[in-house]
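>>> Show me how the following folds:
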Amino acid sequence: MGRKSKNWCSRPVHRRDVKLWNFCKKWSDLAIKHINAAGGVLGTELEVVTQDDACDSAKAAQVAEEMIAENVIAVIGHICSNSTEAALPSYLGANIPVISAASTNPNLTNDGKYPNFFRTISHDASQALLQVEFAVKALGIKKAAVIFDQGNCGKEMAGLVRDGLEQNGVKVLVFEPIESGTESYSELIGKLRKAKVNSSNGTAVFFSGYHPEAAKFVAEARKERNNAFFISGDGVKDPSFIENAGKYAMGYYVSAPFDLSKVANARSVTEQYKAEFGSDPTIHSLRSYAAVQVFAKALEKSGTSDPSALIDTLKEVEMLDSAIGEFSFSESGDILGAGDALYQVRPTPTGLQFVPAY
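This next block holds a predicted model:
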């Protein structure tokens, strides 16, 4: 093909555990390995160029320019929404398709600025609606606090949740940002206590951010006898959250893409991954694999490595047997056919686990 296909998962150093980068990269690499073992695409093996944007916007913009100079034909990434947003203008200018398995900020697709952007995960608006529906209908929430990481993803999700709660008659008594890496949340927990958002009777704390902060926050809050329901998005659905929060993770709710354990191809690919790397997938793992699959199918269907043709073809491709089941993309680049679900941390024979709850 004369040009390189790029497999890229950005490694977050502050807001997400390094494990996420490792999982994403390994799954993308595994997909490339399987495709090449089957003969590649259009008779040519796919070549991987891996880069690290550290979930930093300035770094992401710089790396995007480096990838364009590498003459890549597609990007599998980025992970963090702020990095994706910073890099997209460069990729758009070069007309290079970008497929993310983790960037969930609705603005990346809602305003139509980036017709070259696609994602194999639903965006925050979908999860926010589900969180609000569950809180109001299933938990009977009347008062709430919305806490958020000040990053691109956290703030967007928090605003959507707050608006949805207020539209459903829930009083949002605390709307507060936090800094990543905060040593203590005692002042914030005091505000929750003063607002009386600390009881299991009709109150909930919505945390919009990533699992390292969520684990620390809920553990400290529970120690201070805050018994409100805790609800977060997919940034918290990671094994490390339970590992770090320990017993205080019990009962925590998260919204995330639906359970793939019943998808035959997902089970098959998961077993291959476990045999090769000896670990279980995260929610973004199979979606990284699927991002490579849909790119390869678009490349094969278009019959050319021309990026413009790939972008057009990605909007037409229907995946019937991917690692996440059946899906396609909307005109805006959002995934179709992959809904969200609510999970709760519950005890299982193998310890605390995220279990489907709604």
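>>> all helices for the stretch 51-200 of the chain, in order.
For the stretch 51-200 of the chain, helices defined by DSSP state H, counting those that start in this stretch occupy the ranges 57-69, 81-93, 107-110, 124-133, 152-167, 186-194.
>>> helices and strands around the shortest one, which ones?
Spelled out, it's helix 107-110. Packed against helix 107-110 by the contact rule (3 or more C-beta pairs under 8 Å, 6 or more residues apart in numbering; DSSP states H and E) you find helix 81-93, strand 117-119. The C-beta positions use only the backbone N, C-alpha and C, and glycine is treated the same way.
>>> List the strands paired with the shortest one, with their directions.
This means strand 117-119. Strand 117-119 sits in its sheet next to strand 98-100 (parallel), going by DSSP bridges.
>>> any weak-confidence spans in the stretch 151-300 of the chain?
By pLDDT under 70, the low-scoring segments of the stretch 151-300 of the chain are 151-153.
>>> Would you format the helices and strands packed on helix 107-110 as TSV with distance to Lys155 and mean neighbour count included?
Converted to TSV, the helices and strands packed on helix 107-110 look like this (distance: least, C-beta to C-beta, whole Å; neighbours: other C-beta atoms under 10 Å):
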stretch	distance to Lys155	mean neighbour count
helix 81-93	10	22
strand 117-119	19	26
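>>> Indicate which one of these is closest to Gly159.
Counting by C-beta to C-beta, Gly159 lies closest to helix 81-93 out of the helices and strands packed on helix 107-110; the figure is 13.5 Å.
>>> counting contacts, what elements does that closest one pack onto?
Using 3+ C-beta pairs under 8 Å, 6+ apart: helix 81-93 touches helix 57-69, strand 98-100, helix 107-110, strand 117-119, helix 152-167.
>>> Tabulate the ones you listed (a markdown table), appending distance to Leu342.
Formatted as a markdown table, the helices and strands packed on helix 81-93 follow (distance: least, C-beta to C-beta, whole Å):
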| stretch | distance to Leu342 |
| --- | --- |
| helix 57-69 | 31 |
| strand 98-100 | 23 |
| helix 107-110 | 23 |
| strand 117-119 | 21 |
| helix 152-167 | 13 |
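>>> Mind checking these for the one nearest to His34?
Comparison of these against His34 by C-beta to C-beta identifies strand 98-100 as nearest, at 17.0 Å.
>>> any idea of the mean pLDDT in the closest one?
Mean pLDDT, computed over strand 98-100, is 96.
>>> Provide the contact partners of it at residue level.
Contacts to strand 98-100, defined as C-beta atoms under 8 Å, 6 or more residues apart in numbering, come from residues 74-79, 84, 87-88, 91, 114, 116-121, 291, 294-295, 314.
>>> buried set for whichever strand or helix holds Tyr289?
In the assignment (DSSP states H and E), Tyr289 maps to helix 285-302. Residues of helix 285-302 classed as buried: 285-299, 302 (neighbour count, 16 or more other C-beta atoms under 10 Å).
>>> what's it packed up against?
Helix 285-302 packs on strand 4-7, helix 18-37, strand 72-76, strand 98-100, helix 264-277, helix 307-314, strand 318-322, strand 325-329, going by 3+ C-beta pairs under 8 Å, 6+ apart.
>>> and the end-to-end length of stretch 217-229?
Distance across stretch 217-229, first residue to last, is 13 Å (C-alpha to C-alpha, to the nearest Å).
>>> Am I right that Ser305 falls within a strand?
No: counting by DSSP: H, G, I helix; E, B strand; the rest coil, Ser305 falls outside a strand, being coil.
>>> switch to numbering from 18
All set: I'll call the first residue 18, so the last point we hit is now Ser322.
>>> confidence score at it?
Ser322 is assigned 90 on the pLDDT scale.
>>> shouldn't it be in contact with Leu316?
Yes: using C-beta atoms under 8 Å, Ser322 is in contact with Leu316, at 6.7 Å.
>>> quick one: common contacting residues for those two?
Leu59, Ile90.
>>> what's across from Ile195 in the sheet?
Asp166.
>>> Same check on Leu353?
Ser345.
>>> Could you report the distance from it to Phe312?
Leu353 sits 17 Å away from Phe312, going by C-beta to C-beta, to the nearest Å.
>>> related to what we said a few turns ago, from the helices and strands packed on helix 302-319, which stretch is densest packed?
strand 115-117 (a mean of 28; mean count of other C-beta atoms under 10 Å).
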